[in-house]
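Participant: dropping a prediction and its sequence here:
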Amino acid sequence: MPTASNTIVAPAPTIGGASNGASSSSDRLPLELDAGLLLSVDPNPLDSDLVPSSEPSTSTTTALDEHLLSRVQQATQVLFNAVFSLPVTRNPDHGPIVTLPPPLLGLPREKPMPKPKPLTKWEKFARTKGINKRRRDKMEYDDDQQEWVARWGYKGANKKEEEQWLHPVKANADDDYSPARAAKRARKDRKLKNEGQRLRNLQRAAATSASGGSSEAKGSSSGNGLGGRGSQQQGQRFQQQGQVEQQGQA
């Protein structure tokens, strides 16, 4: 950050005041500042005497360059004055730090707006039936423990049947039947089913994007492995993994 010894020495134009340059005439327009973007705009036109009407000479070019340099110095000085007037915090490693205000000028986006994602099969069904999605809470109340417990994850309520000390067993159950192992297998089956459904949604979304005729969408769906063949193979791997786990637990 510049110090007082190397700041630009120039007449300090006032924001909204009468003077805004080396000239003291009252018809000068004030500078337009946006400290949030570190932007200083001088809306005043150039002097007509300095703008060459024909082939510019060396003297005319030099005078124009000096005039532009003076205008830039004045605009920069006003911007620095505005920045130095903001609250400053001292950092032991980086020195004084200024927090800039929110920008006043709205800049356009660099990239186009993202395209809306294709609806999944359930989202299409819910929209036709008028079903509103309700986000499930991460915690739920356990009536047995009389406290709030996590719905998933470590000591989650979805593992309650696996960890309880007493299990009801049917009379015709096999001798080696384990209720805890069966509950764990059912939970993993639900997980594999959800993963397979997610992959099918990706496959359906990739097919929808490809049917729109966009070559960009085709390239992205084939390049990131979300195409029909990739998602189908991944879904088959998850199903095979689930079958192997079931055989090992049996």
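Facilitator: Here it is on my side, so go on.

Participant: centroid-nearest residue for the protein?
Facilitator: Pro114 (11.5 Å; CA atoms, centre = their mean).

Participant: what's opposite Val98 in the beta bridge?
Facilitator: Val88 (DSSP bridges).

Participant: where do the helices of the chain begin and end?
Facilitator: 58-84, 121-129, 160-163, 179-211, 215-223, 228-249 (DSSP state H).

Participant: check the ones you listed for me: which has the lowest mean pLDDT.
Facilitator: In terms of mean pLDDT, the lowest-scoring of the helices of the chain is helix 215-223 (a mean of 45).

Participant: per the record, what domains does the protein have?
Facilitator: 1-88, 139-168, 174-250 (automatic domain parsing).

Participant: how long is the second one end to end?
Facilitator: Chord length of domain 139-168, first to last residue, is 26 Å (CA to CA, to the nearest Å).

Participant: buried stuff in that domain?
Facilitator: By neighbour count on 16 or more other CB atoms under 10 Å, the buried set for domain 139-168 is Ala157, Lys159, Glu162. From N, CA and C alone the C-beta is placed, and that goes for glycine too.

Participant: wait, the second one sits on Arg187?
Facilitator: The reference is to Lys159. Yes - using CB atoms under 8 Å, Lys159 is in contact with Arg187, at 7.1 Å.

Participant: please verify my assumption that Leu37 contacts Pro103.
Facilitator: Yes - between Leu37 and Pro103 a contact is recorded at 4.8 Å, counting by CB under 8 Å.

Participant: which residues touch the residue nearest to Asp47 when sequence neighbours are not counted?
Facilitator: Once flanking residues are discounted, Asp47 sits nearest to His67: 6.7 Å by CB to CB, 6 or more residues apart in numbering. Residues in contact with His67 (CB atoms under 8 Å, 6 or more residues apart in numbering) are Leu46, Asp47, Leu50.

Participant: again, but for Phe125
Facilitator: Residues in contact with Phe125, defined by CB under 8 Å, 6+ apart, are Ile131.

Participant: mind starting the numbering at 53 from now?
Facilitator: OK, 53 is where the count begins now, so the last one is Phe177.
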